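A.B. asks: Below is the sequence, then the predicted model.
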Amino acid sequence: MADTIEERCERLRQPVTELVAMSMAAVYRSQDVPELVRVIGVVRAILAEDASGLPAGALRDWLPTGQRVLDRMSEAVESGDAAKSYAILTDQQDGFIRLTDGCAGFPGWSVTG
């Protein structure tokens, strides 16, 4: 399914919000780890969708990195290190902050959005 950046960002908004919340929660509550694993899968599925219809730019460029971030998060969670998983998610170089850059200006992706 070809979509626009705005459509892709809209579909990612809620699952990524959940990903951040569950990543943080799992650091303190091991019972939240299964939900974190589920949300990682939801976000992974959206990131893995065909990006050929998206224009070149920050979002499209980051998608492969996002998949690797999720892989690394999964590995950390599976090894019992939810704190490491959260650190990977929030990494300033490759983490999901770059998704925020790619979706900047769309509803829910900026302070004013």
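C.D. replies: Noted; the coordinates are in hand.
A.B. asks: sec struct for Pro55, please.
C.D. replies: coil (DSSP: H, G, I helix; E, B strand; the rest coil).
A.B. asks: Pretty sure it sits against Ile5.
C.D. replies: Yes - applying C-beta atoms under 8 Å as the test, Pro55 and Ile5 come out as touching, 6.9 Å apart. No exception for glycine: its C-beta is placed from N, CA and C like everyone else's.
A.B. asks: Comparing the two, which shows the higher neighbour count?
C.D. replies: Ile5 (19 against 9; other C-beta atoms under 10 Å).
A.B. asks: wait, isn't that one in contact with Gly102?
C.D. replies: Yes - Ile5 is within contact range of Gly102, at 7.3 Å (criterion: C-beta under 8 Å).
A.B. asks: anything in contact with each of these two?
C.D. replies: 57, 59 (C-beta atoms under 8 Å, 6 or more residues apart in numbering).
A.B. asks: Please point out which parts of the lengthiest helix in the chain sit buried.
C.D. replies: The residue-count maximum for a helix in the chain (DSSP state H) belongs to helix 5-28. Burial within helix 5-28, assessed by neighbour count using 16 or more other C-beta atoms under 10 Å, is assigned to 5, 8-10, 12-13, 15-16, 18-19, 22-27.
A.B. asks: which one of those is nearest Arg68?
C.D. replies: Checking those against Arg68 by C-beta to C-beta gives Leu19 as the nearest, at 15.0 Å.
A.B. asks: Only the buried residues of stretch 52-68, if you could.
C.D. replies: Buried-residue list, stretch 52-68, by 16+ other C-beta under 10 Å: 54, 59-60, 62-63, 65-66.
A.B. asks: Show residues contacting that stretch.
C.D. replies: Contacts for stretch 52-68 (C-beta under 8 Å, 6+ apart): 2-5, 8-9, 43-44, 47-48, 51, 94, 96, 98-99, 101-104.
A.B. asks: Which among the residues you listed count as buried?
C.D. replies: Here, 16+ other C-beta under 10 Å leaves 5, 8-9, 43-44, 47, 51, 96, 98-99, 102-103 buried among these.
A.B. asks: Tell me which two of those residues sit farthest apart.
C.D. replies: Every pair of these checked by C-beta to C-beta; the farthest is Ile5 and Arg44, at 18.9 Å.
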